[in-house]
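**Q** fold the following for me, if possible:
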Amino acid sequence: MCGIAGILDRDPARGLAGDGELLGRMGECLAHRGPDDSGVYTAPGIALVHRRLAVIDPEGSRQPISNEDGSVWLVTNGETYNFRSLRQDLMAKGHTFRTAGDSEVLVHLYEEEGPDLVRRINGMFAFAIWDANRRRLMLARDRLGIKPLYWTEAGGSLLFASEVKALLQAAEVPRRLNRPALAEYLSHTEVYGEETLFEGIHRLPPGRFMLVTEDFVERTRYWQVQPRHLGLDSPAKAARALEDRLREAVRLRLMSDVPLGVFLSGGVDSSLLASLASEVTGEPIQTFSIGFESDTFDERPYAELAALHVGAEHSEYTLSEREFCDELPRAVWHRDAPIKHHACVPLMVLARYTKGRATVILSGEGADEVFLGYRKYRLARWHRWLSVAATPVPRFLLRAAAHVGRRLFPGKLGTKVLPRLAIRDPARVAELYGADLGAEMLGVFGLEDCPGRWSAFVRAFRASPLARMDQRHSQADLATYLQSLLAKQDTMTMAAGIETRVPMLDHHVVEFGLNLPLRYKIHGGEGKVLLKRLAARRLPHELVYRKKMGFPVPLTEWLSRDGPFRRLVIDVLTDPSTRGRGYFDYTHFESHLADVVNGRWGTGSDAAAVVWALLNFELWHRQFLDVPRPVPPETPLSDWSFEETDDDADRRQPVGTARG
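**A** Numbers count the residues shown, from 1 in each chain. Down below sits the predicted model:
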């Protein structure tokens, strides 16, 4: 796990690859991703920058790394889990190795396979390969997008990096808002697909590689889940097949020369991984969790139950409201974007607490998207049934019924389901139930009509080669919503120099999961049916079948009282600089904000989500667009930092508990 960056001069007469000061800045702002070592390779027209977190072969495997004659150079971020078998194949073909790590394997694999090497790799990766003989740069990203990679063109050069802030070190890269992406952000609190909120800065999508020379840029998709018949004729057979794949995925991801652990959220996915990891290692594993002072929003008792059940050495941390507010600007800086997921802040703090006890962590991302754990999958199916039944009804009558329904049913039925019955396109239906805010709440910003709001999700949905709606929904989520979760996991843990591995996203597990018959994923009102069946054989029933919480943060509770978070919201969102942005109609939002802080909106509504979206957008704008070059916030901003009391200091002490 590392940070990479680089520059290819596409115009021989001008370019940035020879700017040593720029290369130094690019590497320095990625130092948190690779605190153990750094390296730079330069040649006419090309520069590769690397920051290393030493996990495999700590004493060797320095990067950039080359083949024997120096004609192929590599910088990579991630892990190749099958590198040992690949290494044996390459040695049989006459290749010699100077190191014991996985990065050198990719260099020699490229010599054999060229760009098709990506099809041989089982792992998480974002890498750059410079082929000096062809004067060609290859950029590649793993199948599921676990590791990030961004790129832009400026000053006659193509620049790439693990994080956007490294690209912004070049004065030639503009610091402007990508205005067409703003509506998508306000609908989803995220920008999906290849675009970002930065004008001209793009992300390389999952499962793609990119070839760049002085004359052309060529992008290729090398992986997508294809339809397969699994031949599963019973739930027991399906459960065994899933268990075998998950156990192997965990075994591969326990490969490390540094201490490992598991982040336990208290949910079924991370608890199942802890059980499998304990079984594979045959010894107590380390587990870590974080929670809040509010009992309503604290899942640590379930994490402790799972740790006790698998015999783990368990540690936990309590995060206060004050600390959350102090850390939020730093989380925005590390994320390079407004924070979508509230859990980013506690995750970053937990990673910092974990560092020193473990450097490699297993996490459960991906299970809900692959095995249909979210409620939205069931809602989208029910919507399809209702809309088909309502097909004979004229649309104007449906709209009238929706208007009446809003008055009669003030909950989700009246505000979300009934108004959408006239929408029958499966892609649009699936997207609507996945949107964080959606068209209903965009009115708060005076942006009811936002063309292209569904584009990234709908394109992925319609491009899927799978047949069923649930499969297409799942595959579209892998390309969109999951990307925000993976970006959260990567940036917040790498902020502390922690490597996170996600066994649920082993591509063999994903291909198996998406091709499962629907009855093994959704039955009645229950999601993740097969995964829970497997987990129930290993974990307490009350842990597996409890109501899903999704690692909640008590934002609505904090907004309802006078405290650090509410003061932060008011200070930032009523500031004249915020009001003067001019991106949308601020008068709509002002009355909405007044309703929220005065308690005139229910805590279960989308109202707090709108406040969160604008708060984070403003924090991001101040750190990335209002300054010549982004720099990390060294201390909490005084406007919302408060004097710490003795009680606060007590709450911030880590609580370590050993279970066995």
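**Q** so where's the stretch 301-450 of the chain uncertain?
**A** The model of the stretch 301-450 of the chain has pLDDT under 70 over residues 390, 395-396, 398, 401-422, 435-444, 446-450.
**Q** show me the domain layout of this structure.
**A** 2-221, 226-660 (automatic domain parsing).
**Q** how about these in JSON lines, adding mean neighbour count?
**A** C-betas here are computed from N, CA, C, even on glycine. Listed next are the domains of the chain as JSON lines, based on neighbours: other Cβ atoms under 10 Å:
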{"stretch": "domain 2-221", "mean neighbour count": "20"}
{"stretch": "domain 226-660", "mean neighbour count": "18"}
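**Q** now do the helices in the stretch 1-150 of the chain.
**A** For the stretch 1-150 of the chain, the helices defined by DSSP state H, counting those that start in this stretch cover 20-28, 83-92, 103-113.
**Q** now render the ones you listed as JSON lines, adding distance to Ala307.
**A** Output for the helices of the stretch 1-150 of the chain, formatted as JSON lines (distance: least, Cβ to Cβ, whole Å):
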{"stretch": "helix 20-28", "distance to Ala307": "38"}
{"stretch": "helix 83-92", "distance to Ala307": "31"}
{"stretch": "helix 103-113", "distance to Ala307": "34"}
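**Q** looking at the domains of the chain, which has the lowest confidence?
**A** In terms of average pLDDT, domain 226-660 trails the rest of the domains of the chain, at a mean of 84.
**Q** so which of the helices of the stretch 1-150 of the chain comes closest to Asp585?
**A** Across the helices of the stretch 1-150 of the chain, Asp585 has its closest neighbour in helix 20-28 (38.3 Å, Cβ to Cβ).
**Q** to the chain's geometric centre, what's the distance from that closest one?
**A** With Cα atoms, centre = their mean, to the nearest Å as the basis, helix 20-28 stands 26 Å off its chain's centre.
**Q** what lies in contact with it?
**A** 3, 5, 7, 16, 38, 40, 42, 47, 49-51, 161, 166-167, 169-170, 629 (Cβ atoms under 8 Å, 6 or more residues apart in numbering).
**Q** circling back: which of the helices of the stretch 1-150 of the chain sits closest to Lys548?
**A** helix 83-92 (36.0 Å).
**Q** pull the distance from that closest one to the chain's centre.
**A** 31 Å.
**Q** now swap in stretch 73-84 and tell me
**A** 20 Å.
**Q** do stretch 260-274 as well
**A** Counting by Cα atoms, centre = their mean, stretch 260-274 comes out at 17 Å from the chain centroid.
**Q** pull up the distance across that stretch, start to finish.
**A** This stretch, stretch 260-274, spans 11 Å end to end (Cα to Cα, to the nearest Å).
**Q** quick check: Leu543 touching Leu272?
**A** No - the pair Leu543 and Leu272 does not pass the contact test of Cβ atoms under 8 Å, sitting 9.8 Å apart.
**Q** all helices for the stretch 151-300 of the chain, in order.
**A** 164-167, 179-188, 235-253, 268-281, 300-310.
**Q** of all the ones you listed, which one is nearest Leu534?
**A** helix 235-253 (5.1 Å).
**Q** against which helices or strands is that closest one packed?
**A** helix 268-281, helix 507-514, helix 529-536 (3 or more Cβ pairs under 8 Å, 6 or more residues apart in numbering; DSSP states H and E).
**Q** output those helices in TSV, with distance to Arg176 appended to each entry.
**A** Shown next, in TSV, are those (distance: least, Cβ to Cβ, whole Å):
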stretch	distance to Arg176
helix 268-281	39
helix 507-514	36
helix 529-536	44
